[in-house]
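Q: I need the structure of the sequence given here:
(one chain, ligands or ions: 2)
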Amino acid sequence: MKTPQNRRILLVDDMPSIHEDFRKILMPQAPEHEELSAVEAALFGDEDRAPTLLSFELDSAYQGQEGLSKIEASLRENRPYAMAFVDMRMPPGWDGVQTIEHFWSSDPRLQVVICTAYADSSWDDILARLDVRDRLLILKKPFDSIEVFQLATALTTKWQMTLDTAAQRTRLEDAVQERTSELRTVNEVLQNEISERKHLEGQLVQSEKLASIGQLAAGVAHEINNPIGYIFSNFGTLEGYIEQLFELLTAYEKAETSVHAPEIVEGLRALRERVELDFLKEDIPVLMRESKQGIVRVRQIVQDLKDFSRVNSKQEWEWADLHQGIDSTLNIVASEIKYKADLVKEYGAIPDIECLASQINQVVMNLVVNAAHAMGEKRGCITIRTGTEGEQVWLEVADTGSGIPPETLKHIFEPFFTTKPIGKGTGLGLSLSYGIVQKHHGRIEVASVLDQGTTFRVILPIRQVKT
Ligand SMILES: Nc1ncnc2c1ncn2[C@@H]1O[C@H](COP(=O)(O)OP(=O)(O)OP(=O)(O)O)[C@@H](O)[C@H]1O
Ligand SMILES: [Mg+2]
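A: Ligands and ions are numbered 1, 2, ... in the order given. Here you go, the predicted model:
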């Protein structure tokens with residue numbers, strides 16, 4: 001868009017006649033106007049040009065101070081002058097240079113022509129005093145009309161062009177800034193997408209890994225399940241047989257008193273001593289008990305493995321109160337916790353959720369027992385929080401325990417991964433929990449800071465989507 005050109009000019013000269021001359025040149029009435037148009041046409045080669053030359057708007061001041069007041073007033077009114085003609089000698093007030101200095105300190109954009117009748121030898125001084133040469137021209141008296149007119153035309157145009165350029169630059173800068181901020185936003189969106197994708201990829205790798213381990217576990221569980229099954233049932237039968245044998249032995253021992261052949265009695269005594277019958281009678285039940293515990297434990301591990309690989313899907317889905325489940329689970333594990341940590345509950349308002357309640361309880365139990373195990377010498381704190389998030393509920397188990405080093409963190413959901421001493425952990429707790437949460441179409445997240453603690457968060461949908 002082209003703004004109308006500013007043609008406002010201020011003439012500062014102490015001689016009234018000069019003002020008259022300038023008025024004739026810059027604000028010509030019709031005849032002079034035409035004359036000047038002709039001059040312009042001759043200069044610019046535009047013969048057909050109609051006499052439509054725009055005149056200037058000329059204001060007069062007779063002293064520098066008066067000129068400054070006019071400049072200040074013009075700025076207040078937001079109608080600045082494009083240029084000023086300033087006479088060099090204007091007694092008794094400021095001379096031309098002083099006047100220009102004041103003008104520029106008020107309006108640095110003002111284009112100036114300094115006019116002088118004297119062949120002044122101190123031009124260098126003048127220029128040194130003003131020190132701004134790109135807005136200053138010199139006009140020596142006596143001057144020609146065309147000189148004045150062309151100076152006025154060129155400098156008012158220059159003023160306007162400078163202004164337009166600055167506006168254009170501002171517009172450009174704004175546009176660049178806008179574009180830059182658009183690009184920045186796009187870049188941020190891209191970065192977020194990239195990291196989201198990386199996160200998803202990581203999750204995918206993790207769940208694929210766990211799924212294949214799950215299959216392996218299911219296979220192993222299946223293979224072990226049968227032999228363990230008959231070992232367990234045979235063991236029951238064996239227990240019965242041994243009991244009967246003991247009964248028979250007791251009967252034989254009683255019958256021994258009625259044996260009269262001393263060599264047979266002596267033989268039986270020696271045999272009893274050799275096999276340490278009394279010790280056997282004591283030790284066999286202990287061995288049987290321990291073995292049975294061992295078999296029960298192996299059966300439990302096989303069961304856990306099957307649960308982890310989701311082989312067992314007999315259970316019923318039900319709408320259950322998560323808080324009730326957590327509370328009853330906490331009762332069961334109270335003895336594990338009470339000497340190690342204080343328990344804090346921060347329950348939010350959550351609806352019942354559709355779940356396999358006993359399995360969810362198992363997840364809670366694993367997380368809480370792990371949290372208790374993570375405590376060191378110092379008594380810690382386990383906080384259980386719940387809340388809702390859209391169509392999901394979440395439950396958090398946060399501890400102030402040892403934290404998990406990053407290397408370990410990668411493996412905690414793998415079956416049999418444990419850092420605990422033999423007998424204390426099988427390394428199935430979290431893999432089982434992972435499987436259970438997967439089965440509920442939920443997810444399990446963990447955040448841990450070494451030596452500060454760990455937070456597990458389980459996120460479960462309120463309603464199961466039927467597939
Ligand atoms: N809250 C926790 N703080 C620190 N480490 C933890 C925490 N929870 C789990 N871990 C680490 O993850 C490992 C695996 O845990 P997981 O529950 O699967 O097995 P476990 O507790 O070792 O044995 P199990 O649960 O079968 O008795 C643990 O051995 C421990 O190193
Ligand atoms: Mg555990």
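Q: which residues are in contact with stretch 84-101?
A: Identification of contacts with stretch 84-101 by CB atoms under 8 Å, 6 or more residues apart in numbering yields 9-15, 18, 22, 62-65, 67-68, 71, 102-103, 110-118, 120, 126, 129-130, 136, 139, 148, 151. No exception for glycine: its C-beta is placed from N, CA and C like everyone else's.
Q: how far does the helix or strand encompassing Arg297 sit from the chain's center?
A: Assigning secondary structure by DSSP states H and E places Arg297 in helix 277-308. Averaging C-alpha positions (CA atoms, centre = their mean, to the nearest Å) puts helix 277-308 53 Å from its chain's average.
Q: and the nearest residue to Gly453 once chain neighbours are set aside, how many residues sit next to it?
A: The shortest distance from Gly453 to any residue that is not its chain neighbour, by CB to CB, 6 or more residues apart in numbering, is 4.4 Å, and that residue is Thr400. Applying other CB atoms under 10 Å, we find 21 other residues in the vicinity of Thr400.
Q: confidence score at Thr400?
A: What the model reports for Thr400 is a pLDDT of 97.
Q: Ile242 versus that one, what's the distance?
A: Thr400 sits at a distance of 51 Å from Ile242 (criterion: CB to CB, to the nearest Å).
Q: for the helix holding Arg297, which helices and strands make contact with it?
A: In terms of contact count using 3 or more CB pairs under 8 Å, 6 or more residues apart in numbering; DSSP states H and E, helix 277-308 is assigned the packing partners helix 145-255, helix 429-439.
Q: interface residues of this structure facing ligand 1?
A: Counting by CB under 6 Å from any ligand atom, the positions of the chain adjacent to ligand 1 are 366, 370-371, 374, 399, 401-402, 404, 408, 412, 417-420, 425-431, 454.
Q: quick one on the thing from earlier: direction included, what does the helix or strand following the helix holding Arg297 pair up with?
A: Tracing the chain C-terminally past helix 277-308 and defining elements by DSSP H and E, one meets strand 318-320 next. Looking at strand 318-320 with DSSP bridges, its paired strands and their directions are strand 353-355 (antiparallel).
Q: distance from the chain centre to the strand it pairs with, please.
A: Between the centre of strand 353-355 and the centre of its host chain there is 32 Å, according to CA atoms, centre = their mean.
Q: what mean pLDDT does it have?
A: For strand 353-355, mean pLDDT is 96.
Q: a strand runs through Trp394, doesn't it?
A: Yes - under DSSP: H, G, I helix; E, B strand; the rest coil, Trp394 falls within a strand.
Q: now for the residue in the stretch 201-350 of the chain positioned nearest to ligand 1, how many residues are close by?
A: Among the residues of the stretch 201-350 of the chain, Asp304 lies closest to ligand 1, at 7.7 Å counting by CB to the nearest ligand atom. With neighbours defined by other CB under 10 Å, the count for Asp304 comes to 20.
Q: that one and Ser433 touch, don't they?
A: No - under the contact definition of CB atoms under 8 Å, Asp304 does not touch Ser433, with a separation of 10.5 Å.
Q: any regions of the stretch 1-150 of the chain where pLDDT drops low?
A: Counting by pLDDT under 70, the stretch 1-150 of the chain shows low-confidence ranges at 1-3, 30-54, 118-122, 132.
Q: same thing but at 80, please
A: Scanning the stretch 1-150 of the chain for pLDDT under 80 picks out the ranges 1-4, 29-54, 117-129, 131-133.
Q: could you do the stretch 251-400 of the chain as well?
A: 301, 303-315, 332.
Q: show me which residues of it are close to ligand 2?
A: On the criterion CB under 5 Å from the ion, ligand 2 has as its neighbours in the stretch 251-400 of the chain the residues Asn370.
Q: could you redo the last one with a cut-off of 6 Å?
A: Residues of the stretch 251-400 of the chain found near ligand 2, taking CB under 6 Å from the ion as the criterion, are 366, 369-370.
Q: follow-up on the earlier one: for the residue nearest to Gly453, give its distance to Ile337.
A: Distance of Thr400 to Ile337, given as CB to CB: 13 Å.
Q: any shared contact partners between those two?
A: Common neighbours of Thr400 and Ile337 (criterion: CB under 8 Å, 6+ apart): Ile382.
Q: and the residue of this structure that's closest to ligand 2?
A: In the chain, the residue that lies nearest ligand 2 is Gly429 (2.7 Å; CB to the ion).
Q: give the contact list for the residue nearest to that residue when sequence neighbours are not counted.
A: For Gly429, the nearest residue in space outside its immediate sequence neighbours is Asn366; the separation is 3.7 Å by CB to CB, 6+ apart. For Asn366, the contacting residues are 429-430, 432-433, by CB under 8 Å, 6+ apart.
Q: how is this structure divided into domains?
A: Recorded structural domains for the chain (assignment: automatic domain parsing) are 8-143, 203-308, 318-461.
Q: quick one: closest of those domains to Arg169.
A: Proximity to Arg169 (CB to CB) singles out domain 8-143 among the domains of the chain, at 14.5 Å.
Q: close enough to count as contact, the residue nearest to Gly453 and Arg379?
A: No - look at Thr400 against Arg379 with CB under 8 Å: they stay out of range, at 9.3 Å.
Q: anything in contact with each of these two?
A: Between them, Thr400 and Arg379 share the neighbouring residues Ala341, with contact defined by CB under 8 Å, 6+ apart.
Q: quick check: the gap between the spatially most central residue of the chain and ligand 1.
A: Among the residues of the chain, Asn192 comes closest to the average C-alpha position under CA atoms, centre = their mean, at 7.7 Å. Going from Asn192 to ligand 1 by CB to the nearest ligand atom, to the nearest Å gives 30 Å.
Q: let me know the pLDDT of that residue.
A: Per-residue confidence at Asn192 stands at 93 (pLDDT).
Q: from Gly390, how far off is it?
A: Look at Asn192 and Gly390: by CB to CB, they are 20 Å apart.
Q: give me the nearest residue to Lys281, chain neighbours excluded.
A: Phe246 (7.1 Å).
Q: am I right that that neighbour is in contact with Leu277?
A: No - under the contact definition of CB under 8 Å, Phe246 does not touch Leu277, with a separation of 10.7 Å.
Q: need the residues touching each of these two.
A: Residues within reach of Phe246 and of Leu277 at once, by CB under 8 Å, 6+ apart: there are none.
Q: OK, contacts around Arg135?
A: With contacts taken as CB under 8 Å, 6+ apart, Arg135 has the following neighbours: 104, 109-112.
Q: give the PyMOL command for selecting the buried subset of those.
A: Remark: buried members of the contacts of Arg135, expressed as a PyMOL selection using 16 or more other CB atoms under 10 Å:
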select buried, resi 104+110+111+112
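Q: sitting in strands, which of the contacts of Arg135 do you find?
A: Judged by DSSP state E, the subset of the contacts of Arg135 located in strands is 111-112.
Q: what would the contacts of Arg135 look like in a markdown table with distance to Glu196?
A: Shown next, in a markdown table, are the contacts of Arg135 (distance: CB to CB, whole Å):
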| residue | distance to Glu196 |
| --- | --- |
| Trp104 | 58 |
| Arg109 | 53 |
| Leu110 | 58 |
| Gln111 | 59 |
| Val112 | 63 |
